[in-house]
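Everything below, folded, please.
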Amino acid sequence: IGGVPVVNSAGLISGIITESDFGAKERAVPFSTFRSKQVLDKWLSGNQIEKIYEAARNRKAKEIMTKRVLVLLEDEPV
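Take a look at the predicted model:
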């Protein structure tokens with residue numbers, strides 16, 4: 001899945017979360033550190049990986065979502 005819409009309590013789209021939102025923003029989740037062997041020449045320990053998962057579990061969608069969303073109907077040309 002490359003992205004998911006974020007809807008408000010009324011069911012209206014208020015944002016979208018894409019793969020790039022996890023690493024491109026100030027409060028992003030550092031999933032890129034999983035590639036540390038290629039970048040830092042070392043593997044992460046289980047404890048370090050758990051810290052990354054914990055950081056992800058504590059993020060709210062509104063903290064990392066892109067708020068400017070273009071919406072198209074299914075019959076509209078892209």
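
Can you give me the neighbour number for residue 4?
13 (other C-beta atoms under 10 Å). (Glycine included, C-beta is placed from N, CA and C.)

Who does it form a beta bridge with?
Residues in a beta bridge with residue 4, per DSSP bridges, are residue 17.

how close does it sit to residue 10?
Distance, residue 4 to residue 10, using C-beta to C-beta, to the nearest Å: 18 Å.

can you check residue 1 too?
24 Å.

residue contacts, residue 17?
Residue 17 is in contact with 3, 4, 6, 61, 64, 65, 66, counting by C-beta atoms under 8 Å, 6 or more residues apart in numbering.

So which of those wins on neighbours?
residue 64 (22 neighbours).

Pull up the gap between it and residue 9, please.
19 Å.

Out of the contacts of residue 17, flag the one nearest to residue 19.
residue 3 (7.0 Å; C-beta to C-beta).

what's the burial count for the closest residue to the closest one other than its chain neighbours?
Nearest in space to residue 3, with sequence neighbours left out and distances taken as C-beta to C-beta, 6 or more residues apart in numbering, is residue 18 at 3.8 Å. Neighbour count of residue 18, defined by other C-beta under 10 Å: 14.

Give me the pLDDT for residue 18.
You'll see residue 18 listed with a pLDDT of 87.

Please point out which parts of the top helix by length along the chain sit buried.
Assignment by DSSP state H gives helix 46-57 as the longest helix of the chain. In terms of neighbour count (16 or more other C-beta atoms under 10 Å), helix 46-57 has its buried residues at residue 52.

thinking in terms of the whole chain, how far from its middle is that helix?
15 Å (C-alpha atoms, centre = their mean, to the nearest Å).

Now it - C-alpha only, PDB.
The C-alpha coordinates for helix 46-57 follow below in PDB (Å, rounded to 0.1, in the frame of the first residue of the first chain):
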ATOM      1  CA  GLY A  46      16.200  -5.800  18.400                       C
ATOM      2  CA  ASN A  47      15.900  -3.100  21.100                       C
ATOM      3  CA  GLN A  48      16.600  -0.400  18.500                       C
ATOM      4  CA  ILE A  49      14.100  -1.800  16.100                       C
ATOM      5  CA  GLU A  50      11.500  -1.900  18.900                       C
ATOM      6  CA  LYS A  51      12.100   1.800  19.600                       C
ATOM      7  CA  ILE A  52      11.300   2.500  16.000                       C
ATOM      8  CA  TYR A  53       8.100   0.600  16.200                       C
ATOM      9  CA  GLU A  54       7.200   2.300  19.400                       C
ATOM     10  CA  ALA A  55       7.700   5.700  17.800                       C
ATOM     11  CA  ALA A  56       5.400   4.700  15.000                       C
ATOM     12  CA  ARG A  57       2.700   3.400  17.300                       C
END
